[in-house]
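> Test case, fold it:
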Amino acid sequence: MSDENNKLLVDLEVRIKQVMFLCDSLKDENERLKTEIRSRQKQVDETVKDLQQLKTRYDGLKTARTITAASVDVETAKLKLSKLVREVDKCINLLK
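Just a heads-up that it's a prediction; the model follows:
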């Protein structure tokens, strides 16, 4: 019976070591994945920031185009400029 118990203990020890190794491997993979997620999130944040800047530039270009086309439609240009002035006034009031 002692030989059988020793064999069972050795088998148990081997399995525990395998589980511990698997656990360590999973911890390493988890940390690697967390690092990759942080990196991807940073890329997403930068892309969103770039998109916002491009939208702002695009709106500015649309406004400039409207102003340069003002000779064709002065009333539209006046309305857009008035809207821009109101938006700037709102921003100034919010800053106060």
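
> what's the neighbour count on residue 9?
10 (other Cβ atoms under 10 Å). All C-beta atoms are positioned from the backbone trio N, CA, C, and that covers glycine.

> any idea of the pLDDT on it?
Residue 9 is assigned a pLDDT of 93 by the prediction.

> what about it, helix or strand, and which?
For residue 9, the element it lies in under DSSP states H and E is helix 2-68.

> what's the next secondary structure element after that helix?
helix 74-95.

> buried set for that following helix?
77, 80 (16 or more other Cβ atoms under 10 Å).

> Between helix 2-68 and that helix, find me the angle.
Per axes from the mean of the first three to the mean of the last three Cα atoms, to 10 degrees, the angle that helix 74-95 makes with helix 2-68 is 130 degrees.

> State the distance from residue 8 to residue 39.
According to Cβ to Cβ, to the nearest Å, residue 8 stands 47 Å off from residue 39.

> For residue 52, grab the count of nearby residues.
Residue 52 has 10 nearby residues by other Cβ under 10 Å.

> do you know how far it is from residue 24?
43 Å.

> Check residue 40 too.
Taking Cβ to Cβ, one finds residue 40 at 25 Å from residue 24.

> Likewise for residue 87?
Residue 87 is 57 Å from residue 24, by Cβ to Cβ.

> Which pLDDT value belongs to residue 1?
At residue 1, pLDDT is 62.

> ugh, wrong one, residue 67
67.

> ditto for residue 88
84.

> What residues does it make contact with?
Listed by Cβ atoms under 8 Å, 6 or more residues apart in numbering, residue 88 has no contact partners.
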